[in-house]
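Asks: Build me a model from this:
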Amino acid sequence: MLVVILVSYFSVGFPDGSFTVSWLGIYDDLMLTIAHSGYILVGYSVTYTLAGIILSRLNQFMKLQTIYLCGLVIMGLGFIWLALAPDFLMVLLSIVLYGFGTGLMASSMNSYMAKHFTAKHNNWMHCFWGGGATLTPIIMSQMMAAFSWRMGYFVITGILGIVAIILLLSMYKKLWIDDDATVEQKQETKIAKKAYLSKKWHQMVEILTFFFLGGTDYTLVFFTGMVLIGRGLSLEAVGIFSAVYYVCMTLGRMFFGYLAGRFKEIIIIRTGCFVAVLGIGVLYLTSNVFGMAMAGFGLAPLLPTLVSDTSNRFEPKNISKLVGYELAAFGAGIAVLFFITSLILEFVTLEALFPIAVTFIVLVFLCNELLERFSKRLPADGL
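Replies: Okay, the predicted model is just below:
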């Protein structure tokens, strides 16, 4: 089952990786402007966020693995629609559609992993996301060179079809763990032995952690290129920074996934935040690609480890709802904080990017430390 999860989560990285390349073709073919990319980002983020919000409601009627499969199908339909889109409106609607499918896949599988697996496995799963985000630009660029970006999406959809068959076979073979009476009894025993954070504001701080994290990752990668070009680096050199970032993020998730079996989640999160801030500092002071590598490596374990730590702090019955909200907040952070950052960089200075990114990471760190403090106090005072 774990193999099926890892292989299938590979496809969650397809939208991010493919669009970074296909946009160049879409931009030319449909005679769009740079401003159109803003509408696309907001549309994608809104439906991605919506999927996370409604996860707990859907989970009342469907199993998490079924929701995951539905998300995969919706993503595939979005890719096909995009490949056939004749104008910008259809492009936007197709991306809104596959944004919803991606949100369903990410929120449902992260919830499933938080319930049934550890931070080690969750880091490995997100490592496969990095593999998908790395592979699809290669596929798309090759298809664009030989045919067009439309053919690239048809090829990627074909890969999604293979993943869908694997998921259907795994469900037919009943490989998935269901939240049946046995699991519920185990959860009740676990609850009896351990106190959990139960206040509404505890949940809000948890969700806010993901909001700030969402604003860090995409914002840093997107705008770093603009800053470095402004400093005199060539476009080819800047392209290496983005590639190094995602490679190091993938390697970081492998590395921290290995460490997750030996260290507590809080240690990994603290280490990741420290390394990321240090990397951004190096990038700010030297424009060296090593700083970008450190930033990607440090940010790598934060999302999967924070998701896994949700099951340590909150009651099992609330996990699906909380993880859904966490991934929704992550998507909202991408849109809202990206927009705010773009305004600051436009009207103040591009160099403000790195202090802003550090601020977001510090806020992630502080929110998590606040919850950790109250979690430690639970057995003593029952907060």
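
Asks: from the chain's centre, how far out does the strand or helix carrying P137 sit?
Replies: P137 belongs to helix 119-146 when assigned by DSSP states H and E. Here helix 119-146 is found 13 Å from its chain centre; the criterion is Cα atoms, centre = their mean, to the nearest Å.

Asks: How about stretch 48-63?
Replies: When distances are taken as Cα atoms, centre = their mean, stretch 48-63 is centred 17 Å away from the chain's centroid.

Asks: which outside residues touch stretch 231-250?
Replies: Where contact means Cβ atoms under 8 Å, 6 or more residues apart in numbering, the residues beyond stretch 231-250 that reach it are 127, 130-131, 133-134, 221, 224-225, 228-229, 287, 289, 292-297, 299-300. Yep, even glycine has a C-beta here, placed from its N, CA and C like the rest.

Asks: Now do the buried residues in it.
Replies: Taking 16 or more other Cβ atoms under 10 Å as the neighbour-count basis, stretch 231-250 is seen to contain the buried residues 233, 238, 241-242, 244-246, 248-250.

Asks: just the helices in the stretch 1-150 of the chain please.
Replies: Using DSSP state H, counting those that start in this stretch, the helices of the stretch 1-150 of the chain run over residues 2-9, 14-29, 35-53, 55-59, 64-84, 88-116, 119-146, 149-172.

Asks: Could you export these as JSON lines, including distance to A276?
Replies: Supplementary listing: those in JSON lines, determined by distance: least, Cβ to Cβ, whole Å:
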{"stretch": "helix 2-9", "distance to A276": "23"}
{"stretch": "helix 14-29", "distance to A276": "19"}
{"stretch": "helix 35-53", "distance to A276": "22"}
{"stretch": "helix 55-59", "distance to A276": "28"}
{"stretch": "helix 64-84", "distance to A276": "29"}
{"stretch": "helix 88-116", "distance to A276": "20"}
{"stretch": "helix 119-146", "distance to A276": "15"}
{"stretch": "helix 149-172", "distance to A276": "30"}
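
Asks: Go through the ones you listed and pick out the most buried.
Replies: Of all the helices of the stretch 1-150 of the chain, helix 88-116 has the most neighbours on average by mean count of other Cβ atoms under 10 Å, namely a mean of 23.

Asks: what is the orientation angle of that one with helix 35-53?
Replies: Counting by axes from the mean of the first three to the mean of the last three Cα atoms, to 10 degrees, helix 88-116 lies at 30 degrees to helix 35-53.

Asks: Just the buried subset of the contacts of stretch 231-250, please.
Replies: The buried subset of the contacts of stretch 231-250 (16+ other Cβ under 10 Å) comprises 127, 130-131, 133-134, 221, 224-225, 228, 287, 289, 292-297, 299-300.

Asks: From the residues you listed, which land in helices?
Replies: Using DSSP state H, 127, 130-131, 133-134, 221, 224-225, 228, 289, 292-297, 299 are the members of the buried ones among the contacts of stretch 231-250 that sit in helices.

Asks: And the pLDDT for the residue nearest to A300 when sequence neighbours are not counted?
Replies: Distances taken as Cβ to Cβ, 6 or more residues apart in numbering put G252 closest to A300, at 2.8 Å, once the chain neighbours are dropped. Note on G252: pLDDT of 87.

Asks: G252: helix or strand, and which one exactly?
Replies: When secondary structure is defined using DSSP H and E, the element that contains G252 is helix 235-259.

Asks: how far is that helix from where the chain is centred?
Replies: With Cα atoms, centre = their mean as the basis, the mean position of helix 235-259 lies at 15 Å from the chain mean.

Asks: Taking helix 14-29 as reference, get the angle to that helix.
Replies: Going by the same axes, to 10 degrees, helix 235-259 makes 170 degrees with helix 14-29.

Asks: Relative to L220, how far out is the residue nearest to A300?
Replies: G252 sits at a distance of 14 Å from L220 (criterion: Cβ to Cβ, to the nearest Å).

Asks: same check, this time on V155
Replies: Using Cβ to Cβ, one obtains 30 Å as the distance from V155 to L220.

Asks: can I get the CA coordinates of stretch 209-220 in CSV?
Replies: The C-alpha atoms that make up stretch 209-220 are tabulated as CSV, following Å, rounded to 0.1, in the frame of the first residue of the first chain:
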residue,chain,number,x,y,z
THR,A,209,1.3,28.0,10.5
PHE,A,210,0.5,26.5,7.1
PHE,A,211,-0.7,29.9,5.8
PHE,A,212,2.7,31.4,6.4
LEU,A,213,4.5,28.3,5.0
GLY,A,214,2.5,28.5,1.8
GLY,A,215,3.6,32.1,1.3
THR,A,216,7.2,31.2,1.7
ASP,A,217,7.9,28.5,-0.8
TYR,A,218,6.3,29.7,-4.1
THR,A,219,7.1,33.4,-3.4
LEU,A,220,10.8,32.7,-2.8
